[in-house]
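Student: sequence-free structure coming up:
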């Protein structure tokens, strides 16, 4: 028995794709790749937990901010451009996923310069996405004054007519219908809730004030997109480390066919995969 | 890997173009359903939502199977990674159902509160009142 164990240990030292101590590799995959898959599975459950709680809270609210209204600004002072900016972000991330696959393919060809070139493009894509997210958050927090506990994006639940204007989009006498969105503007550090008169339904004739949107919206948005952004950020950090290793020739020396590039590739595609669902529930539905 | 370098290069280019087209189609449908593309023309949210969910599922399939090379792994690995995610089907159904119920309860309470306005003020608490009126 002792001889056997020794023989196995010995064998594994000669095998370059080691890590398993047994004789055969489960699922014909290396230890690192298999464990990356299981880490991603657990991470998928974490994200699913957040997105499911988002769904439950959204179902429980009588009205939810309409994404085409909330996410309608574009750099350069452009407004009323529903979903344009977030579509751009999605394309940046998709493109970086493409460059990542190309890096893995060049790795299989043992083409060191090719791997480095496509990885650098992937890093730039990741940084571009983070930059866009920073701009999006800055606009929401700094200009529209949304925070994790205050949500100035509201939705009307009845027909009515405004009794005053906000000097931006709403004028006195403007009418609205249920489902129409509005943003409560802040002047001198205080929210200015406009008053309106109800024109239909049982409350007809009553004068009411704009109400704030569901509180949970801000917290869920910042937490879930923030958690995804944190994944992108750590992905960029690992990409940079691995890219430096590629350029220094470490993986050529190890003779393991750029497996590290494949592993970070799996992680990077997963980040893109999560974005598919974040994009769906926050921006499209 | 089963296929050579040149064909896989072309395949990846094809996949990324398909993903891009699906993304544009999703945004188009999202805006169409809410009346941005054709002025004042709305579409039932359930149908639009369904279409977008299916398109996202196709995107997820392409990313996992082509980009993450799940297509070329052995069946055991594929099952051990993908089957557990089916537990989420229960999670989604159960929690959305529960969330809907929270909403109904919230509506019920606000309706009851409106009724209170026109009645004699009671000295008992809200929870007792709700139970009391349900029993009647």
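Tutor: Good, I have the coordinates. Just so it is clear, the structure is predicted and the values come from calculations on it, not from any experiment. Numbering: from 1, shown residues only, chains lettered A, B, ... in the order given.

Student: now residue B:43: how far from residue B:25?
Tutor: Remark: distance between residue B:43 and residue B:25 (C-beta to C-beta, to the nearest Å) = 14 Å. (Glycine included, C-beta is placed from N, CA and C.)

Student: mind checking pLDDT for residue A:19?
Tutor: Residue A:19 carries a pLDDT score of 55 in this model.

Student: domain ranges for chain B?
Tutor: B:1-72, B:83-136 (automatic domain parsing).

Student: which residues does the one residue sitting closest to the centre of chain B contact?
Tutor: Nearest residue to the geometric centre of chain B (C-alpha atoms, centre = their mean): residue B:53, 6.6 Å. By C-beta atoms under 8 Å, 6 or more residues apart in numbering or on different chains, residue B:53 lies in contact with residue A:280.

Student: Where does it fall, secondary structure wise?
Tutor: helix B:45-62 (DSSP states H and E).

Student: Return the set of buried residues in that helix.
Tutor: B:48-49, B:51-52, B:55-56, B:59-60, B:62 (16 or more other C-beta atoms under 10 Å in any protein chain shown).

Student: what do you get for stretch A:39-58?
Tutor: For stretch A:39-58, burial by neighbour count (16+ other C-beta under 10 Å) applies to A:40-41, A:44, A:47-48, A:50-58.

Student: Report the mean per-residue pLDDT for that stretch.
Tutor: Averaging pLDDT along stretch A:39-58 gives 95.

Student: again, but for stretch B:75-88
Tutor: In this model, stretch B:75-88 has a mean pLDDT of 92.

Student: again, but for stretch A:268-276
Tutor: On average, stretch A:268-276 scores 96.

Student: what does that stretch contact?
Tutor: Outside stretch A:268-276, the residues that touch it by C-beta under 8 Å, 6+ apart are A:40, A:43-44, A:47, A:90, A:93-94, A:96-97, A:100-101, A:122, A:126, A:228, A:231-232, A:235, A:239, B:56, B:59-60, B:63-64, B:67-68.

Student: For the lengthiest helix in chain A, buried residues please.
Tutor: In chain A, taking DSSP state H as the definition, the longest helix is helix A:216-248. When neighbours are counted by 16+ other C-beta under 10 Å, the buried residues of helix A:216-248 are found to be A:216-222, A:224-225, A:228-229, A:231-232, A:235-236, A:239, A:242-243, A:245-246.

Student: do the same with stretch A:65-84
Tutor: Counting neighbours by 16+ other C-beta under 10 Å, one finds that the buried residues in stretch A:65-84 are A:65-74, A:82-83.

Student: Is it possible to get a markdown table of these that adds distance to chain B?
Tutor: As requested, those are exported to a markdown table (distance: C-beta to the nearest C-beta, whole Å):
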| residue | distance to chain B |
| --- | --- |
| A:65 | 13 |
| A:66 | 7 |
| A:67 | 8 |
| A:68 | 6 |
| A:69 | 9 |
| A:70 | 12 |
| A:71 | 11 |
| A:72 | 10 |
| A:73 | 15 |
| A:74 | 14 |
| A:82 | 6 |
| A:83 | 5 |
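
Student: Out of the residues you listed, list just those in helices.
Tutor: Of the buried residues of stretch A:65-84, the ones assigned to helices by DSSP H are A:67-70.

Student: Contacting chain B as well, which ones from the buried residues of stretch A:39-58?
Tutor: With C-beta under 8 Å from any C-beta of the partner chain as the criterion, the buried residues of stretch A:39-58 include A:40-41, A:44, A:48, A:52-53, A:55-58 near chain B.

Student: which among those gets closest to chain B?
Tutor: Ranked by distance to chain B (C-beta to the nearest C-beta), these are led by residue A:56 at 3.3 Å.

Student: Am I right that that closest one is in contact with residue B:95?
Tutor: Yes: counting by C-beta atoms under 8 Å, residue A:56 touches residue B:95, with 4.3 Å between them.

Student: what touches both of these two?
Tutor: Counting by C-beta under 8 Å, 6+ apart, residue A:56 and residue B:95 have no common neighbour.

Student: How is chain A divided into domains?
Tutor: Following automatic domain parsing, chain A resolves into domains at A:31-146+A:216-284, A:153-209.

Student: Name the secondary structure element that contains the residue lying closest to residue A:243 once chain neighbours are set aside.
Tutor: Nearest residue to residue A:243, sequence neighbours excluded (C-beta to C-beta, 6 or more residues apart in numbering or on different chains): residue A:119, at 4.4 Å. Per DSSP H and E, residue A:119 falls inside helix A:112-138.

Student: so after that helix, what's the next helix or strand?
Tutor: Scanning forward in sequence from helix A:112-138 by DSSP H and E, the next helix or strand is strand A:153-155.

Student: Can you give the distance from that next one to the centre of its chain?
Tutor: 23 Å (C-alpha atoms, centre = their mean, to the nearest Å).

Student: That strand: partners in the sheet, and parallel or antiparallel?
Tutor: On the basis of DSSP bridges, the sheet neighbours of strand A:153-155 come out as strand A:181-183 (antiparallel).

Student: just checking, what packs against the next helix or strand after the longest helix of chain A?
Tutor: Downstream of helix A:216-248, the first helix or strand assigned by DSSP H and E is helix A:250-254. The contact analysis (3 or more C-beta pairs under 8 Å, 6 or more residues apart in numbering or on different chains; DSSP states H and E) places helix A:250-254 against helix A:259-278.

Student: what secondary structure does the residue nearest to residue A:171 when sequence neighbours are not counted sit in?
Tutor: Leaving aside its sequence neighbours, residue A:171 sits nearest to residue A:165 (C-beta to C-beta, 6+ apart; 4.3 Å). Following DSSP: H, G, I helix; E, B strand; the rest coil, the label given to residue A:165 is coil.

Student: before we move on, the earlier item: of the buried residues of stretch A:65-84, which pair is most distant in space?
Tutor: Farthest pair in the buried residues of stretch A:65-84 (C-beta to C-beta) is A:65 and A:74. Separation: 18.3 Å.

Student: which residues does residue 64 contact?
Tutor: You didn't pick a chain, so chain A it is. A:58, A:155, A:213-214, A:217.

Student: nope, chain B please
Tutor: Contacts here follow C-beta under 8 Å, 6+ apart; on that basis residue B:64 touches A:269, A:273, B:70, B:82.

Student: quick check, nearest of those to residue A:133?
Tutor: Closest approach between the contacts of residue B:64 and residue A:133, by C-beta to C-beta: residue A:273, at 17.2 Å.
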